[in-house]
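Peer 1: Return atomic coordinates for the entry below.
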Amino acid sequence: MGFLAPWFLAGLVALGLPVYVHLLRKQTTVPRPVSSLMFFEQGTQSSIRHRRLRYWLLFALRTSLVLLLVLAFAKPFFRHKSVLASDKLLLVAIDDSFSMGAKDGATTRLEEAKRQALEVLSRKASGQKAQVISLGGQMRVLTQPVADARVLRAAVEGITPGDGHGSFGELGRGMRAMAESVHTPMELDLFSDMQESNMPGNFADMVVPGNVSLVLHRIGSNGAANWTVESVQAPGQLVDTKKARVLAVVAGHGTPAASRIVSLLVNGNVVTTKKVDVPANGRATVAFEGLDVPYGETRCAVRIDGSDTFAADDVENFAVKRADPERVLFVHQASDTRSPLYFGTALGAAAQASFVLQPITPEQAMEIDPTKYAFVVLSDVPAVPSVLENVLTRNVEAGGSVLVAEGMSAAHREHIPVFGGNVEDGHFYSRGASGASYVGTGEMDASHPAMKDAAGWQGAKFFYSSAVKPANARVVARLADGTPLVMDKQMGEGHVLLFASGFDNVTNDLPLNPAFVAFVDEAARYLAGEERMGGARVVDSYVQLRNPVNAQSGAQSKTAVDVIAPDGTRPMSLREAAAAQSFQLSRVGFYQVKFANGRDALLAVNADPRESDLQPLADDVLKLWTGAAAGQAETASETAGQQQGVSHLWWWIMLLVAITAVAETAVASKYLGTEREAL
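Peer 2: Sure, this is the predicted structure:
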């Protein structure tokens, strides 16, 4: 028994108030006429009878009322043995991330985690409910709270090795969400290798709620040595096999200095090997010159020969598509010879030279099928026939792309072909009122695929630019005066890239700048779709299947997408294939994807390189996470018994106060209605 506010017990002195009220009764006498007072003698009359308590029931009710009010304000409570260990919800979380595939002896870490989890489940009370959780790329609850041991065992045994990157921050967020609906005490047993790389940037993200007791079960040896192929740089599109170059980085985590044999594989066959010296706990780069692959899409990989305790990360996949150079349709005025010369030279100077320029005039383009070209360029064209513009617009909406260079012809027209909108004005900086002969570049969006070399634009001089309102287009680059220079507009499944100046050396000197080659190369790959389809991806990343603008506008694509997973299955249903905007790549291997714009791509997917560092969290971090000493954390799952509960009595006391007040009122009314001697 205890009191939360014991100072209110001083109010017990108010118990004297009912006593005082009941004893305070005036003595009254009836005056009687007397002829003479001479025979009366002065004396003291006893008043004992008047100091006696009367109305005992009323007195008891009033005293009880004061006593109950005092106790209610003091907030009494008492402790009791109420919460049993068997009443806790037992949560068994098993880390199935990529690193759990490492071996310690003959078994993998995941197999050991599942074995220990089954032991914990076997020790739970018969009526205690439990849930099984897997923690990889995301937290997944595999069962409902059940007490059936067979269901729980089947869920644990059904956990398969995953390829995702584990995150303790994801576990903390998941537990906080669960605590909003589960208010009973919970015990979370986590079986993991406790990788240091799994820790989020903010420690608060991994903290569990107050009603969750965290018990950590570390799996595996501390800091096992591991070699891995950390990254591979290779061309996604390949034209000349002799100019191809593959760069691979071999890294060692907790390893001594050693020599490793690295092999280049094409369609599963070793085509060349090299020896590389890897420093202790360091990195080394190995280069493979030339990549002889057949036409079409090829599955390639770089592999470290000689397995270690974690063989799964000794291979890095990448996909290569070999094809003849794609044609680019360049529509220009017959009098404009500089634009196709500069643009074609920059396109041919690219590293892989995977595009061939086909210059043509607007009149010659009337019978051209734009679907046979990687993309179309409209360079300084004063007028585009409506038939050609309609064909190009339909091609863009179906997944094609157009690059529009305004040039100086924009000063003589308003409508912008394909892009839409109007040219509001033309800025001739050489004739400006400020007297400046040119203007430089201003804000640049280096995150756009066509502007990766945005820093190289700093020295460019612009003498003319069209003034165009961006509307719903993305502004990629601006001039120093704020005029939009490069804009990207998405239309249907494709996009239109607008350059508000020209590709000659009259409106600007960008074609004479080295940055022009990088811009043309990056813009060409972006418009041709190579940026979205080429290169390797990381597990749990997303690939865009459709233009997201269509989903926002309510437009529906008429083309269904198709995804084939590394195991040969189709993970998407027919309904998802018809409406999905993106798809998560959840497994290591090669995905065959058909996009909504009709293009096919082979995507190589690799595990997150952070999973290869098997260094565990420090003990002091684990102690801070659990909020207890390491010994307490190890024995928390084995302790049984009871926990102290607290019951508050003030609500029941206030209920008695109300009942007593009603009874006191009734009794007082009865007594006051009768003839009495004193008030």
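
Peer 1: And the strands in the stretch 1-150 of the chain?
Peer 2: 2-3, 76-84, 89-95, 103-104, 107-108, 130-135, 139-141 (DSSP state E, counting those that start in this stretch).

Peer 1: Switch the ones you listed over to JSON lines; also include mean pLDDT.
Peer 2: JSON lines is the format used below for the strands of the stretch 1-150 of the chain (pLDDT from 0 to 100):
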{"stretch": "strand 2-3", "mean pLDDT": "72"}
{"stretch": "strand 76-84", "mean pLDDT": "62"}
{"stretch": "strand 89-95", "mean pLDDT": "94"}
{"stretch": "strand 103-104", "mean pLDDT": "86"}
{"stretch": "strand 107-108", "mean pLDDT": "90"}
{"stretch": "strand 130-135", "mean pLDDT": "94"}
{"stretch": "strand 139-141", "mean pLDDT": "93"}
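
Peer 1: Dump these into TSV; add distance to Arg546 and mean neighbour count as well.
Peer 2: To be clear about C-beta, it is placed using only N, CA and C from the backbone, and glycine gets the same treatment. Putting those into TSV (distance: least, Cβ to Cβ, whole Å; neighbours: other Cβ atoms under 10 Å) gives the following:
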stretch	distance to Arg546	mean neighbour count
strand 2-3	65	14
strand 76-84	52	13
strand 89-95	34	25
strand 103-104	42	16
strand 107-108	38	16
strand 130-135	30	24
strand 139-141	26	16
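
Peer 1: Which stretch among those approaches Asn202 most closely?
Peer 2: Among the strands of the stretch 1-150 of the chain, the nearest to Asn202 by Cβ to Cβ is strand 139-141 (17.2 Å).

Peer 1: So which residues make contact with that closest one?
Peer 2: 93, 131-134, 170-171, 173-174, 178 (Cβ atoms under 8 Å, 6 or more residues apart in numbering).

Peer 1: please redo it, this time with the cut-off set to 10 Å
Peer 2: 91, 93, 96, 131-134, 155, 159, 162, 166-167, 170-175, 177-178 (Cβ atoms under 10 Å, 6 or more residues apart in numbering).

Peer 1: Okay, strands next: where are they in the stretch 401-550 of the chain?
Peer 2: 401-405, 423-428, 441-444, 464-468, 474-479, 484-491, 494-499, 536-538, 541-544.

Peer 1: try the stretch 201-350 of the chain
Peer 2: 212-218, 226-233, 237-238, 245-253, 258-266, 269-278, 283-289, 296-305, 315-322, 326-332.

Peer 1: What angle do strand 283-289 and the second one make with each other?
Peer 2: Computed by axes from the mean of the first three to the mean of the last three Cα atoms, to 10 degrees, the angle separating strand 226-233 from strand 283-289 equals 50 degrees.

Peer 1: avg pLDDT for strand 226-233?
Peer 2: Averaging pLDDT along strand 226-233 gives 92.

Peer 1: Direction included, what does that strand pair up with?
Peer 2: Strand pairing for strand 226-233, determined by DSSP bridges: strand 245-253 (antiparallel).

Peer 1: Now the partner strand: buried residues?
Peer 2: Across strand 245-253, burial judged by 16 or more other Cβ atoms under 10 Å covers 246, 248-253.

Peer 1: Report the distance from it to the chain centre.
Peer 2: Relative to its chain's centre, strand 245-253 lies at 29 Å (Cα atoms, centre = their mean, to the nearest Å).

Peer 1: Share the number of residues neighbouring Trp625, please.
Peer 2: Other residues within reach of Trp625, judged by other Cβ atoms under 10 Å, total 21.

Peer 1: what's the distance between it and Gly166?
Peer 2: As defined by Cβ to Cβ, to the nearest Å, Trp625 lies at a distance of 14 Å from Gly166.

Peer 1: I'd like the average pLDDT over stretch 35-46.
Peer 2: Mean predicted confidence for stretch 35-46 is 65.

Peer 1: what sits against the residue nearest to Gly158 when sequence neighbours are not counted?
Peer 2: Closest residue to Gly158 apart from its sequence neighbours, by Cβ to Cβ, 6 or more residues apart in numbering: Leu142 at 7.5 Å. Leu142 is in contact with 92, 94, 131-134, 151-152, 154-156, 158-159, counting by Cβ under 10 Å, 6+ apart.
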